[in-house]
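Novice: Predicted model follows, preceded by the sequence.
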Amino acid sequence: MTINQGLLAPMNTDHFYLQVARALTGCQLVEQELKLYITEAFELVKKCVGSQFPFSMSGADYMDAPLGRLIMVFRKLSDNAALVDQLNKFKVERNFLAHNGIAHCLDPEGELSYVTASEFQARLIDIEPEAERLRLAINEEANKFRGHLYFEDISNGS
């Protein structure tokens, strides 16, 4: 088939798949940042309760958790409702990309449909910077308590 018949040329097909891979990379970095946030938040809780109360939760409990679960835990460890809402919106787009993105763009013969892929590329272009923005926002949210975790001695109630 030619490009006029609805399919991308091979070089463009490769470019499309690379765009999908870059977008998925951004999604994975958001998940990694959430895991880091959860890990450090639990470490701070453990530091605060010390020997007063048994606390054995850790970030390791969530290393294989899906994005939706990570957002749910983040929501319980952060009071930034706006960021939680943004993450939930991002999750919808990420889930489509991860679970349906490429398959959505294939024609009945299993070839990449130029028309569908072109429409989908706008979503791919948007997801990369959104993933980076969210990753940085999660990091900034963690910076609100990192000083207490790494530098403040709380053993004497200060």
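Specialist: Alright, I've got the coordinates. Residues are numbered from 1 along each chain as shown.

Novice: what sits against the residue nearest the centre of the chain?
Specialist: The residue lying closest to the centre of the chain (Cα atoms, centre = their mean) is Val30, at 2.9 Å. Listed by Cβ atoms under 8 Å, 6 or more residues apart in numbering, the contact partners of Val30 are Leu67, Leu87, Phe90, Arg94, Ala131, Leu134, Arg135, Ile138. Quick note: C-beta positions are derived from backbone N, CA and C, even for glycine.

Novice: which residue sits closest to the fourth one, ignoring its sequence neighbours?
Specialist: Going back to what we said before, that points to Arg94. Distances taken as Cβ to Cβ, 6 or more residues apart in numbering place Cys27 nearest to Arg94, at 4.6 Å, with adjacent residues excluded.

Novice: what pLDDT does that neighbour get?
Specialist: Listed pLDDT for Cys27 reads 96.

Novice: Touching, it and Glu130? I think so.
Specialist: No. If you go by Cβ atoms under 8 Å, Cys27 and Glu130 don't touch, sitting 9.6 Å apart.
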